[in-house]
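Participant: model this:
(2 chains)
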There are 2 protein chains.
Amino acid sequence: MTPREPAESPPGDSALAPVILGIDGGGTKTAAWLAIVGSTDPPQVIGRGSAGPSNPLAAGLPTALDNLAAAVAAAWHDAGREPCPAAAAVMAVAGAGRADMAEALLDWARQQRIAEHCEMVHDAAAVLAAGTREGWGVALIAGTGSAAIGITPEGHRHVCGGWGYRFGDEGSGFWIGREMLAAVARACDGRDGPTQLTPAMLAHFQIDHARDVNAALASAQSERNAMAALAPLVAAAADAGDAAAMRLMDRAAELLAELAVTTARSAQFDRGYPLALAGGVVCGSGALRDRLLARLADAELPPGETSLAPDPVEGCLRLAAQRL
Amino acid sequence: MTPREPAESPPGDSALAPVILGIDGGGTKTAAWLAIVGSTDPPQVIGRGSAGPSNPLAAGLPTALDNLAAAVAAAWHDAGREPCPAAAAVMAVAGAGRADMAEALLDWARQQRIAEHCEMVHDAAAVLAAGTREGWGVALIAGTGSAAIGITPEGHRHVCGGWGYRFGDEGSGFWIGREMLAAVARACDGRDGPTQLTPAMLAHFQIDHARDVNAALASAQSERNAMAALAPLVAAAADAGDAAAMRLMDRAAELLAELAVTTARSAQFDRGYPLALAGGVVCGSGALRDRLLARLADAELPPGETSLAPDPVEGCLRLAAQRL
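Facilitator: Take a look at the predicted model:
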């Protein structure tokens, strides 16, 4: 790590401008971005760091704190600067909905002096700040899990979905993977006709017989992530015209649209509310997103401008800039 | 344990008649029954023993063997006799479809000399022997998991379902429990209207908020069994006319009927094939069974005589009697 000297920076610019820090922590990875706040919007990113999971409920608090520290250190390294307290930090960490966890993470942030001003926001607030001009509306998140969260202009929150992998997370990567395996099982049994999902699944797990998939899942480090990793196979098969894959993508889109619309209704939004989409599944799969947008357009309570927020950490930076 | 003296037995009867042993081992419990074979059919049961799980894949081989031994000892104790090798033993143990496991269990049975003649049969063969006169047909098993197995008169086997809880076991107790929690989540979110399943679930887990159910499941000894234990709540709510519960039971019946009919088609059975139902869910819930039988009657390939086989161990005894 070679810190840049102030003299190396463009004159009268970044070296003197306040540095802010955004952190987006999830069950799979943690992103920490540094930015400088100039006269222009949005903040200019000067360093990006990433590390493993920092959801304290999933990874445990010590691991979560280690990964938060590693992501922040990596961001400073990427910026080519010596770490110092940022002017403001906004953190959105999954699992910090629980008050005791939020407090523990904030305590850590203050002890580590990652910033003069440290704040924790809900995941959805980060998504809305990243994806909408308004900062209110519906955030629909579909990654390994799924949930929709509405935030009203007054700051009231309405949640739909997000019940977890055991019996919820409809339309998520985990759900799509599980339903793919169910479709393969149906095809193998002769309950349904053949599907391209079967050879795709066998090749993915490098197994010869479909019934060996349970052993392959059981030996995965995380069964849940192993299931979610199948979602791109379904998207590819749907794009190739496979009937079972298309049915599955249609159903995922229907369930995700229902999450968004129910949330908008709970929040008493009017038609045309802002909608921000986040999470690897909905941001990564055109096959799913096209179907979702078509469903939403036909819904009783359709959104207005719909944007992608693949990096909710950008929202954390925008919120941090507002705190200065 | 006070063994009965031969003199205490009815003259010319059980004391001299050959004793046979049937064992039905599953992922939850093991049943071992002793019977004497007289001139009449079926064999007369003289002792019943039970113990914990003996599916070696689920419980591990040492535990499985311990439970098999405990169930056999308890059966002799119940019969009031000193344990001795039976004339014949037939065992149906879940997980013994794997050749190495079947061999390990048979080795144990021979070393322990539980009988002069020891044999392992498929679960479905035990169900068919217990539930049908013919010994062939379709066995539909719906307990914690679900599967249908067809056995032709020539002994060929056709399996449908039985893919396990991760993405299969449609219509099983686990599946019904999972779908119940999904229905509660939908109702709590406002995605669907209210259902009696919500208060039933809260009372069952003794929690105040539906979102606490994940913590309750995570603290259960077996999440899978905790989920399956919800099935009777759904049956009760369906009987009470709750719309969500009735939809769920209808769907479970549809999926189970599909398993049976697909199996009959794979086995190339004609209409009117024998069907035996086994497992706690289908034997225990009239709400489910009535729906299932109605579906089957309307199916393209309807079964003929349909019987309940709540104790597949009876089938093991019948098969053991045939080995003498």
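
Participant: measure the residue most central in space within chain A to A:L296 for me?
Facilitator: By Cα atoms, centre = their mean, chain A has its centre lying nearest to A:G279, at 3.6 Å. Distance, A:G279 to A:L296, using Cβ to Cβ, to the nearest Å: 16 Å. Using the backbone N, CA and C atoms, a C-beta is placed for each residue, glycine as well.

Participant: which residues of the stretch 151-300 of chain A lie near chain B?
Facilitator: A:159-161, A:163-164, A:166-168, A:170, A:178-179, A:181-182, A:185, A:189-191, A:211, A:214, A:217, A:223, A:227, A:258-259, A:262, A:265-266 (Cβ under 8 Å from any Cβ of the partner chain).

Participant: ok, back up a step: please name the nearest non-neighbouring residue to the residue nearest to the centre of chain A.
Facilitator: A:G143 (3.4 Å; Cβ to Cβ, 6 or more residues apart in numbering or on different chains).

Participant: my read: that neighbour touches A:L288, true?
Facilitator: No - counting by Cβ atoms under 8 Å, A:L288 is not a contact partner of A:G143; they are 11.9 Å apart.

Participant: what do these two both touch?
Facilitator: A:281-282 (Cβ atoms under 8 Å, 6 or more residues apart in numbering or on different chains).

Participant: okay, those two: which has more neighbours?
Facilitator: Shown here are A:G143 and A:L288; by other Cβ atoms under 10 Å in any protein chain shown, A:L288 has more neighbours (26 against 23).

Participant: so for the helix or strand encompassing that one, mean pLDDT?
Facilitator: Assigned by DSSP states H and E, A:L288 belongs to helix A:286-297. For helix A:286-297, mean pLDDT rounds to 95.

Participant: contacts for that helix?
Facilitator: A:142, A:235, A:238-239, A:249-250, A:252-254, A:256-257, A:260-261, A:275, A:277, A:281-283, A:302-303, A:306.

Participant: only alpha carbons, please: show that helix as CSV.
Facilitator: Extracted in CSV, the C-alpha atoms of helix A:286-297 (Å, rounded to 0.1, in the frame of the first residue of the first chain):
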residue,chain,number,x,y,z
GLY,A,286,-32.9,-10.2,-18.1
ALA,A,287,-35.1,-13.2,-18.4
LEU,A,288,-36.6,-12.6,-15.0
ARG,A,289,-36.6,-8.8,-15.1
ASP,A,290,-38.4,-8.5,-18.4
ARG,A,291,-41.2,-10.8,-17.1
LEU,A,292,-41.3,-8.8,-13.8
LEU,A,293,-41.7,-5.5,-15.5
ALA,A,294,-44.4,-6.8,-17.8
ARG,A,295,-46.3,-8.1,-14.7
LEU,A,296,-45.9,-4.8,-12.9
ALA,A,297,-47.1,-2.8,-15.8
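
Participant: which stretches in the stretch 101-250 of chain A count as helices?
Facilitator: Assignment of helices within the stretch 101-250 of chain A using DSSP state H, counting those that start in this stretch yields the ranges A:123-131, A:173-189, A:197-205, A:213-218, A:223-228, A:231-239, A:243-266.

Participant: now do the longest one against helix A:286-297, angle only.
Facilitator: Between helix A:243-266 and helix A:286-297, the angle comes out at 40 degrees (axes from the mean of the first three to the mean of the last three Cα atoms, to 10 degrees).

Participant: ok, and for helix A:243-266, which residues are buried?
Facilitator: A:244-246, A:248-249, A:251-253, A:255-266 (16 or more other Cβ atoms under 10 Å in any protein chain shown).

Participant: report all helices and strands that it contacts.
Facilitator: strand A:137-142, strand A:146-151, strand A:157-161, helix A:173-189, helix A:231-239, helix A:286-297, helix B:173-189 (3 or more Cβ pairs under 8 Å, 6 or more residues apart in numbering or on different chains; DSSP states H and E).

Participant: right, and the helix or strand after that helix?
Facilitator: Using DSSP H and E, the first helix or strand after helix A:243-266 is strand A:275-278.

Participant: list the buried residues in whatever helix or strand comes next after that following strand.
Facilitator: Next in sequence after strand A:275-278, counting helices and strands by DSSP H and E, comes helix A:280-284. The neighbour-count check on helix A:280-284 (16+ other Cβ under 10 Å) flags A:280-284 as buried.

Participant: quick one: the residue nearest to the centre of chain A and A:A139 touch, right?
Facilitator: No - judged on Cβ under 8 Å, A:G279 makes no contact with A:A139 at a distance of 9.7 Å.

Participant: for A:H209, list the residues it contacts.
Facilitator: Contacts of A:H209 (Cβ under 8 Å, 6+ apart): A:L202.

Participant: again but with A:V184, I slipped
Facilitator: Applying Cβ under 8 Å, 6+ apart to A:V184 gives the contacts A:195, A:197-198, A:201, A:210, A:213.

Participant: tell me the pLDDT at it?
Facilitator: 98.

Participant: equivalent analysis for A:A15, please.
Facilitator: 60.
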